[in-house]
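Peer 1: what follows is a protein structure lacking sequence information:
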């Protein structure tokens, strides 16, 4: 995981933001964030997965996806299912909650 360390450390704060953010009543909402002088877009999307809704938070930098957080809807803080970080050389690192 060492080659992906920098990308992972940049994405982790957005997992916290996603977990503790109130979700909009609309299906899709975007917000811009500045972090270490870089601009990011955080897109909240509500999708149906089978018989349940799921929240997906996509983290974008310069138009490209750098991470994604999947959560169960409900009270804040939200329950994380998993999150992904797009590393270097098209490697995707996935962190999945035990039992999911």
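Peer 2: Looks like it arrived, so ask away. Please read these numbers as outputs of a predicted model, since none were measured by experiment. Residues are numbered from 1 along each chain as shown.

Peer 1: what strand or helix carries residue 5?
Peer 2: helix 5-20 (DSSP states H and E).

Peer 1: show me the contacts for residue 89.
Peer 2: Residue 89 makes contact with residue 3 under the criterion CB atoms under 8 Å, 6 or more residues apart in numbering. C-beta coordinates here come from the backbone N, C-alpha and C atoms, glycine included.

Peer 1: let me know the pLDDT of residue 24.
Peer 2: With respect to pLDDT, residue 24 scores 66.

Peer 1: also residue 17?
Peer 2: Value for residue 17, per-residue pLDDT: 83.

Peer 1: is it true that it touches residue 42?
Peer 2: Yes. Using CB atoms under 8 Å, residue 17 is in contact with residue 42, at 6.5 Å.

Peer 1: quick one: common contacting residues for these two?
Peer 2: Common neighbours of residue 17 and residue 42 (CB under 8 Å, 6+ apart) are 33, 57.

Peer 1: what angle do the longest strand seen in the chain and helix 5-20 make?
Peer 2: Using DSSP state E, we find that the single longest strand of the chain is strand 38-49. Angle of strand 38-49 versus helix 5-20, following axes from the mean of the first three to the mean of the last three CA atoms, to 10 degrees, is 60 degrees.
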